[in-house]
Each structure stands twice: as C-alpha cells, then as structure tokens.
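Participant: any chance you can model this:
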Amino acid sequence: MSSHLLSVDSLSRDAVDHLMRVAARMEPIAQRRKVTRVLEGAVLGNLFFEASTRTRVSFHAAFCRLGGSVCDTTGFTFSSMAKGESLYDTSRVMSGYCDAIVMRHPEQGSVAEFAKATNVPVINGGDGPGEHPSQALLDLYTIDKEFIRRGKTLAGAHVLLTGDLKYGRTVHSLIKLLSLYAPMRLTLVSPPGLEMPRHLIDLVASRGHRVETRESLASDFADVDVVYTTRIQKERFTAEMSEGFSLSRDYTVDKAFLDGRCSDHTIVMHPLPRDSRADANDLDVDLNGDPRLAIFRQTDNGIPVRMAIFATLLQVEDQVEQDLRDVRWFVPATVGVDDARD
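Facilitator: Residues are numbered from 1 along each chain as shown. This is a model prediction of the structure:
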C-alpha cells in the first residue's frame, strides 16, 4: 500500500486482503468492547469541502477509537480557499499541523493534486464523481461478512449495481475493487444517461468478469447475491440534464422488488444517504427491519475498515493488539432498535 489512499487503482489484491484482516482485528474496538491508545498524540485533519455526514463522522470516530485527536473543517465558506488559497498551499499548511489528512472535494482529481504537496498520508474521502476508495473497502468488507454468514464466497457471485452509475463514485471504486477477485457476474441497471463509464466496464471485462447491462429492474434477479443501489446524484447534473428529469419506479429497490424478483438470501446495500422522500424513488424505507437490508451493518463496518486504513498508513497495525483494555462505560447490546432482527 502506498503512503496515500487516493484511488482503488493503488491497491493490489494483497494490499486489500491485508486491510480486510486488519479491519477484522479492529472489530472489538469498533464494537466498543475494547479501547486502544495506539495513536495517542496523533492529529487527523478532516477536510470536507463537500457535504457529508457518515464519511466525515466515521473517519473522525475511527481516528478517535485509535486514541488520536481530530481537527475538522467543513465547506469552503470558512476555509482559506474562499480567499483564493491553492490546493498546494492548503496541503502544505495542513501537513504542518496534522499526522494524517482526509479530504473530500467536489472536483474530480482534486485530492490527488492536494496529495502532491505532502508526505503526510492523505485519504480520498470522495472527489466529485471520481472515486471513494474507503467506501469501496467497507462495501467489500460488508459483502465478505454477509457471505460468510450465508456460507458463500466472492467467486462466482452475482452482483447487481443499480442507480446512478455515471456520477456515483462509490460504484466506480467498488466495481474496480471487485474486479481484483475471482471471476463473478456483474449486472448494471441505470436510468438513461446515467450508465457506468465505458472504460470501467472494459476494465472489469478484461479481468475475466461477466458484465451485463439491463434497461430496468423489471426482470428476474432470483440468482442475484447482492443488490447495490445508489442515489441519483442530481447535484452533479448539468442544467440540461436536470431539466425535466424524474426517476420512475422502474429503478426502485423496495420490498415488492425484493420479494418478487430476488431471493430470501439477497443482500441489499446502499452507500447512503438514501433519499427517503416519496417522489425520489430511491431505496425504499419499506425494507427497514428486513434482515436482507444490510445498510446499517454496512455503515457500522466503516469504523473498523477506516481504523484499518489509518493503522496501516501510520504503521501501527501490529501494535494495536498489545495496547488493548476493556471499556469502562455502558454499551448497549445493539445500537439500533431493529438490529436484533439482523
């Protein structure tokens, strides 16, 4: 693994497997059974110049769980970039304050440009429609855990990717990460104009995977192991695309779709946030409480995975297990009211 995590492209299969093993060792800490101070004294710069809840707080919590401290900044308004400061200057300045930096920026390639000015580890928290490597890693970790529960493996799996496949950076990173593994079947379903970029389809196909495109969800998906659906990224639309766009129910993943076209063992994932408004036709809330819905297990898995990323980049992954102690505060048996149904 390189000194930064900017793209899935920088990860080999061995590096991914290593991160998955480290993440598994972080579970007792992430689940609030154990405490470590292995990053005591270290400071994370959490720079988010685009809206975020889960990713920003998850990175913050992961660094704190390792014993570190976090300095946050959100949006352009209260940053020196609003005064015209360059990415290079911001990077160099923040590197003098922080031991690791997570950055989200609305422009594709901006985080890589930022990283050129520093030797401090930089993690891409999302660069416009580009990539989101840590999300892909936690998605893979989730799929693997869900498959273990069901006695399955990635080899030969059938994964359905649906929603905004053009601007959805999470699926760009995930499909590249999945392509590192044994051949599987990938089915792509998206509204017109929001198809997966051709170069990504060609890349995955060149690695021996079967890639199929369908026009809607109105067909049989009984053999699908994972449904990964994404929100329509209207904030990235051009004015021409926005005019008159509406998403029909043909692309909605809901209980009727899962019961009628999938199986009892299909796993449903979403990178969140999902748009729960009635006319959004995103992942439907009628699946709340359904054991096939893995979205909250997915978000929980963000903590051990991001802890593993920090521990590996800062080279303390082999020290964590020698620095554990029991928690001293109350921890509920389950953190969500529906968790017992999982």
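
Participant: which residue ranges of this structure form helices?
Facilitator: Along the chain, the segments classed as helices by DSSP state H run 13-30, 54-65, 87-95, 110-115, 133-150, 169-178, 198-206, 239-242, 255-261, 295-313.

Participant: okay, the ones you listed, which one's buried deepest?
Facilitator: Mean neighbour count (mean count of other C-beta atoms under 10 Å) peaks for helix 169-178 among the helices of the chain, with a mean of 25. From N, CA and C alone the C-beta is placed, and that goes for glycine too.

Participant: using PDB, list the CA coordinates for that helix.
Facilitator: The C-alpha trace of helix 169-178 is given here as PDB (Å, rounded to 0.1, in the frame of the first residue of the first chain):
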ATOM      1  CA  ARG A 169     -18.300   7.500  -7.200                       C
ATOM      2  CA  THR A 170     -18.900   4.700  -4.800                       C
ATOM      3  CA  VAL A 171     -19.800   2.200  -7.600                       C
ATOM      4  CA  HIS A 172     -16.700   3.400  -9.600                       C
ATOM      5  CA  SER A 173     -14.400   2.300  -6.800                       C
ATOM      6  CA  LEU A 174     -16.400  -0.800  -5.900                       C
ATOM      7  CA  ILE A 175     -16.500  -2.300  -9.400                       C
ATOM      8  CA  LYS A 176     -12.700  -1.900  -9.700                       C
ATOM      9  CA  LEU A 177     -12.200  -3.400  -6.300                       C
ATOM     10  CA  LEU A 178     -14.400  -6.400  -7.100                       C
END
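
Participant: and Ala115, how far from Gly41?
Facilitator: In this view, Ala115 and Gly41 are 23 Å apart by C-beta to C-beta, to the nearest Å.

Participant: one more: Val335?
Facilitator: Distance of Val335 to Gly41, given as C-beta to C-beta: 29 Å.

Participant: same thing with Asn124?
Facilitator: For Asn124, the distance to Gly41 equals 25 Å [C-beta to C-beta].

Participant: shaky segments in this structure?
Facilitator: 1-2, 75-83, 233-248, 340-342 (pLDDT under 70).

Participant: most centrally placed residue in it?
Facilitator: Gln135 (1.5 Å; C-alpha atoms, centre = their mean).

Participant: for that one, which residues are in contact?
Facilitator: Counting by C-beta atoms under 8 Å, 6 or more residues apart in numbering, Gln135 makes contact with 55, 126, 169-170, 173-174, 271, 302.

Participant: ok, Tyr251 - how many residues close by?
Facilitator: Tyr251: 22 surrounding residues under other C-beta atoms under 10 Å.

Participant: sorry, back to before: so between Asn124 and Gly41, which is more surrounded?
Facilitator: Asn124 (28 against 9).

Participant: for the closest residue to that one other than its chain neighbours, give me its contacts.
Facilitator: Leaving aside its sequence neighbours, Asn124 sits nearest to Val111 (C-beta to C-beta, 6 or more residues apart in numbering; 4.3 Å). Val111 makes contact with 6, 103-105, 122, 124-125, 127 under the criterion C-beta under 8 Å, 6+ apart.

Participant: for Arg214, find the nearest of the helices of the chain.
Facilitator: helix 255-261 (11.5 Å; C-beta to C-beta).

Participant: what's the closest one packed up against?
Facilitator: Using 3 or more C-beta pairs under 8 Å, 6 or more residues apart in numbering; DSSP states H and E as the contact test, no helix or strand touches helix 255-261.

Participant: next one: it to chain centre, how far?
Facilitator: Relative to its chain's centre, helix 255-261 lies at 25 Å (C-alpha atoms, centre = their mean, to the nearest Å).

Participant: return it as CSV; C-alpha atoms alone will do.
Facilitator: Taking only C-alpha atoms (Å, rounded to 0.1, in the frame of the first residue of the first chain), the coordinates of helix 255-261 have been written out as CSV:
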residue,chain,number,x,y,z
LYS,A,255,-39.9,-4.8,-0.7
ALA,A,256,-42.1,-5.7,-3.8
PHE,A,257,-39.0,-5.9,-6.0
LEU,A,258,-37.0,-8.0,-3.4
ASP,A,259,-39.9,-10.4,-2.7
GLY,A,260,-41.0,-10.7,-6.3
ARG,A,261,-37.8,-10.7,-8.3
